[in-house]
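Undergrad: coordinates only, sequence not included:
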């Protein structure tokens, strides 16, 4: 998928496509560069697409944390 195709997806769709089941706290701790690098290696995304996807994954990770502040991280 290229950056244009990814831009048609919501942050939640990108999250579920590439890191479904991942703990949002862990993703935030990893950071943008580590997530993008993983996407380039594991999913063969090009640089721009990987960094775009990483940004969107982090957006959704923050949204999930904000929506579930009363839930322990292991319960996501």
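TA: That came through, no problem. Just so you know, these numbers come straight off a predicted model, no measurement behind them.

Undergrad: by mean pLDDT, point me to the weakest helix or strand of this structure.
TA: Every helix and strand of the chain was ranked by mean pLDDT, DSSP states H and E. The lowest is helix 3-7, at a mean of 93.

Undergrad: point to the residue nearest the middle of this structure.
TA: Centroid-nearest residue in the chain: residue 57, 2.1 Å away (criterion: Cα atoms, centre = their mean).

Undergrad: on the pLDDT front, check that residue for me.
TA: In this model, residue 57 is scored at 99, pLDDT.

Undergrad: over to the one 4 residues further on?
TA: Model confidence at residue 61, given as pLDDT, is 98.

Undergrad: okay, now it: neighbour count?
TA: Using other Cβ atoms under 10 Å, residue 61 has 24 other residues around it. Backbone N, C-alpha and C define where each C-beta goes, glycine included.

Undergrad: can you check residue 14 too?
TA: Counted with other Cβ under 10 Å, the neighbours of residue 14 add up to 22.

Undergrad: enumerate every residue touching it.
TA: Applying Cβ atoms under 8 Å, 6 or more residues apart in numbering, we find residue 14 in contact with 6, 53, 56, 57, 60.
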